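Asker: Give me a 3D structure for the following:
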Amino acid sequence: WRPGRKSGWEINGIDNRVVREFSTRRNEIDDALQELEAEIGRGAHPNEIEHVVLRTRPSKNHTPADDLVATWRERAALHGLDADALVAVTDHQLHEQEVDEAAMFESLVGADGICAGGSVFSRSEALAAMVNHPVPATEGDLPQPLLCGATRLIKLTEQFLSSPHVIALTDTDEPLYTTVEMLSMQDHIAARFAKGLRRGAHLVSDHHVDAALDQHAHLTGEQRQLVTEWCQRGNRFQAAIGRAGAGKTTTVAACADAWTAAGYRVLGAAVKGEATRTLAAATGIECETVAWYLVHTDPQSLPLDSRTILVVDEASTLSDRDLDTLMDMATTTGASLRLIGDPAQHSAIAAGGMFRVLCERHEHDTPELTTTHRLQDPHDRAAAQALREGRVDEAFDELAAAGHLHVVGDDLTMYRHILGRWW
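Answerer: Model prediction:
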């Protein structure tokens, strides 16, 4: 076996030429889309993509199975995968796989293990992680997946969940777990955040703050308060809550003007590319995705310095591991970090658990934007607030009262409607 190109495992010895040969459907769609986009000079509309998918779909036929297999063999042989080559990659003597359970569990709770992209996991996610995670191999050997039956897999997973590396967080039908390593990291984040409060970092004078507020005279009282809190409290690390449509980026733009006037360098980041572009367009500051910062962690060439303030938008989508890395970078360089988002907007604990915790623990140091400016219809505002607070039925009632609830027959139709309206 060999690690898959995206995830999972592939048969070692069947190279990418063969894989591409048997991915002709995907290739036909991609080629047709490239031709369309080159012709019209823009990206394809969802309706146009659907049209391409339908137009490139081959007519159904009833070719006998023997004829299909013969054709597949011919196509594979053109790329070197003939009968002998297939035997060479599949006809191996099976050896009983020796699994060092302690080493396996240790690897699973490492930085690239089960909590690589989130802070918590369920039993089913532990089963999937056990299957996909490479079994620790001796030096020089290729990593291999866990090769065993369902009974053995379930037993190993239960042993892992009951091991000293794992802590059960909930006691429900589908309990949630985390690792000791992840809890230690979260404690480290919390302690370092608290230590960074009121450190006299990147202070801005009244003159520069007043000038920025005059330049953004349209800001509301709570938006002006956030500018003051972020620019004049001297916190190395600080969070802010900004509900959807409450003018987060507009307020950040005023902060950026005040910091820049004081001689500081302001950078922006977000997890998603679209949010990053929106932040850059609304504030005029240089922005990159969080992933970009995560690959620039060489201590000799860090993208931050002692006169830098890094603003992370949509911080509720930031994983705890990534937050820890950004805080490391800021601590090493003397930069400051500002986090803004809505802890209630993304309910997945794994997405941004510590952002929520930091907002709750440091409520008096966390300014909040509560007034929604984007939604003008009172029913829409009430629906957004109800949804934010988990009152889903009430949110639906408000949307229906406004005539903004559209019911369709299936999920595929729903996605088409959403894409069509958004585009």
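
Asker: got a pLDDT number for residue 135?
Answerer: Residue 135 is assigned a predicted lDDT (pLDDT) of 83.

Asker: err, residue 171, not the other one
Answerer: 84.

Asker: Please apply the same query to residue 350.
Answerer: Value listed for residue 350 in the pLDDT field: 44.

Asker: now swap in residue 140 and tell me
Answerer: Confidence score, pLDDT, at residue 140: 64.

Asker: Select the helix or strand of the protein having the lowest average pLDDT value.
Answerer: helix 46-56 (a mean of 56; mean pLDDT, DSSP states H and E).

Asker: What ranges in the stretch 251-400 of the chain fall below the confidence cut-off?
Answerer: 345-352, 373-374, 376, 388 (pLDDT under 70).

Asker: same thing but at 90, please
Answerer: 272-274, 343-353, 370-400 (pLDDT under 90).

Asker: the helices in it, which residues?
Answerer: Applying DSSP state H, counting those that start in this stretch to the stretch 251-400 of the chain gives helices spanning 273-283, 290-294, 320-333, 349-361, 378-388, 392-401.

Asker: Next secondary structure after the least confident helix or strand of the chain?
Answerer: Per DSSP states H and E, the first helix or strand lying C-terminal to helix 46-56 is helix 65-77.

Asker: and that following helix, how far out from the chain's middle?
Answerer: 41 Å (CA atoms, centre = their mean, to the nearest Å).

Asker: What residues sit buried inside that helix?
Answerer: residue 76 (16 or more other CB atoms under 10 Å). Backbone N, C-alpha and C define where each C-beta goes, glycine included.

Asker: Output that helix as PDB, nothing but the C-alphas.
Answerer: Coordinates of each C-alpha in helix 65-77 appear next as PDB, following Å, rounded to 0.1, in the frame of the first residue of the first chain:
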ATOM      1  CA  ALA A  65     -19.700  -7.600 -18.800                       C
ATOM      2  CA  ASP A  66     -17.100  -9.700 -20.600                       C
ATOM      3  CA  ASP A  67     -16.700  -7.000 -23.300                       C
ATOM      4  CA  LEU A  68     -16.300  -4.300 -20.600                       C
ATOM      5  CA  VAL A  69     -13.600  -6.300 -18.700                       C
ATOM      6  CA  ALA A  70     -11.700  -6.900 -22.000                       C
ATOM      7  CA  THR A  71     -11.800  -3.200 -22.800                       C
ATOM      8  CA  TRP A  72     -10.600  -2.300 -19.300                       C
ATOM      9  CA  ARG A  73      -7.700  -4.800 -19.600                       C
ATOM     10  CA  GLU A  74      -6.700  -3.200 -22.900                       C
ATOM     11  CA  ARG A  75      -6.700   0.300 -21.500                       C
ATOM     12  CA  ALA A  76      -4.700  -0.700 -18.400                       C
ATOM     13  CA  ALA A  77      -2.200  -2.600 -20.500                       C
END
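
Asker: Which strands and helices lie in contact with it?
Answerer: helix 16-21 (3 or more CB pairs under 8 Å, 6 or more residues apart in numbering; DSSP states H and E).

Asker: What lies in contact with the helix it packs on?
Answerer: By CB atoms under 8 Å, 6 or more residues apart in numbering, the residues outside helix 16-21 that reach it are 10, 27, 75, 76, 78, 79, 80, 81.

Asker: Same check on stretch 274-281?
Answerer: Counting by CB under 8 Å, 6+ apart, 249, 252, 268-270, 285-289, 311, 313-314 sit against stretch 274-281.

Asker: now do 7 Å
Answerer: The contact list for stretch 274-281, computed with CB atoms under 7 Å, 6 or more residues apart in numbering, reads 249, 268, 269, 270, 287, 288, 289, 313, 314.

Asker: again with stretch 246-264
Answerer: The contact list for stretch 246-264, computed with CB under 7 Å, 6+ apart, reads 202, 204-205, 208-209, 211-213, 215-216, 219, 223, 226-227, 230-231, 242, 266, 278-279, 282-285, 307, 309, 311, 313, 340, 369-373.

Asker: how about the nearest residue to residue 159, chain neighbours excluded?
Answerer: residue 101 (6.7 Å; CB to CB, 6 or more residues apart in numbering).

Asker: what do you get for residue 164?
Answerer: In space, residue 164 is closest to residue 180, 7.2 Å off (CB to CB, 6+ apart).

Asker: Next: residue 328.
Answerer: Residue 328's closest residue in space is residue 297 (CB to CB, 6+ apart), at 7.9 Å.

Asker: Likewise for residue 145?
Answerer: Spatial nearest neighbour of residue 145, excluding adjacent residues (CB to CB, 6+ apart): residue 9 at 4.8 Å.

Asker: And residue 216, by the same measure?
Answerer: With sequence-adjacent residues excluded and distances taken as CB to CB, 6+ apart, residue 216 is closest to residue 254, at 4.2 Å.

Asker: Drop anything exposed from the contacts of stretch 246-264.
Answerer: 202, 204, 208-209, 212-213, 216, 219, 223, 226-227, 230-231, 242, 266, 278-279, 282-283, 285, 307, 309, 311, 313, 340, 369, 372.

Asker: Phi and psi next, for residue 112.
Answerer: For residue 112, the backbone dihedrals (degrees, to the nearest 10) come out as phi -100, psi 20.

Asker: Measure how buried it is and give me the count.
Answerer: Using other CB atoms under 10 Å, residue 112 has 11 other residues around it.

Asker: for residue 380, same thing?
Answerer: Neighbours of residue 380 under the rule other CB under 10 Å: 19.

Asker: who are the neighbours in contact with it?
Answerer: 402, 404 are the contacts of residue 380 under CB under 7 Å, 6+ apart.

Asker: let's see it at 10 Å
Answerer: 245, 372, 374, 395, 398, 399, 401, 402, 404 (CB atoms under 10 Å, 6 or more residues apart in numbering).

Asker: show me where the stretch 51-200 of the chain has helices.
Answerer: Secondary structure of the stretch 51-200 of the chain (DSSP H, counting those that start in this stretch): helices at 65-77, 83-90, 101-108, 123-132, 150-161, 180-195.

Asker: between the ones you listed, which gets the lowest average pLDDT?
Answerer: Comparing mean pLDDT across the helices of the stretch 51-200 of the chain, the weakest is helix 83-90, with a mean of 85.

Asker: how near is residue 371 to residue 89?
Answerer: 63 Å (CB to CB, to the nearest Å).

Asker: brain fart, residue 105
Answerer: 31 Å.

Asker: Also residue 213?
Answerer: 68 Å.

Asker: looking at it, residue 308 is touching residue 326, isn't it?
Answerer: No. Between residue 308 and residue 326 there is no contact under CB atoms under 10 Å: 11.8 Å.
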